[in-house]
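Asks: Could you look at this predicted model? Sequence included:
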Amino acid sequence: MASSLLYIGMNVFVPSLFEGYSMFSQTVSELSAIDAPTRILGVWLGTVYAALVMAFGYGVWRHAGTNRPLRLAGISLLLAAHLACSGDPCIYGVPNSA
């Protein structure tokens, strides 16, 4: 529940800090682009969001018992949150070498 509320808050609050940003004509990824004024806040809130999703995924997996679909759902949440944190080198300020 907390991760969902944080996600909604991120998509409402962070864009309001980016002067000239339009939710209708620009992508959300522009909020965490390397030179964006909202980058630091967006990355930090995204990391907290991913940690909350990981905790939820762990709880689902841990309490699934012998319910295989529920175990797979928990593992999927864990993997999705992990990939969200580690998948893009630009998150850490390392520009693409190409």
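Replies: Looks like it came in fine.
Asks: Could you list the low-confidence segments of the protein?
Replies: Applying pLDDT under 70 to the predicted model, the residue ranges of the chain that meet it are 86-98.
Asks: and the residue lying farthest from the centre of it, helix, strand or coil?
Replies: The centre of the chain is farthest from one residue, T66, which by CA atoms, centre = their mean lies 29.3 Å away. Secondary structure assignment for T66 (DSSP: H, G, I helix; E, B strand; the rest coil): coil.
Asks: which residues does it contact?
Replies: If a contact means CB atoms under 8 Å, 6 or more residues apart in numbering, then T66 has no contacts. In short, each C-beta sits where N, CA and C put it, glycine included.
Asks: Give me the distance between it and T38.
Replies: Shown here: T66 relative to T38, a distance of 45 Å by CB to CB, to the nearest Å.
Asks: again with A50
Replies: Taking CB to CB as the measure, A50 falls 17 Å from T38.
Asks: out of those two, which sits in the more crowded spot?
Replies: In terms of neighbours (other CB atoms under 10 Å), T38 is the more surrounded of A50 and T38; the figures are 21 against 18.
Asks: mind listing what the more buried one touches?
Replies: With CB under 8 Å, 6+ apart as the criterion, the residues that contact T38 are 14-15, 17-18, 21, 31-32.
Asks: and what of L41?
Replies: Applying CB under 8 Å, 6+ apart as the definition, the contact partners of L41 turn out to be 14, 17.
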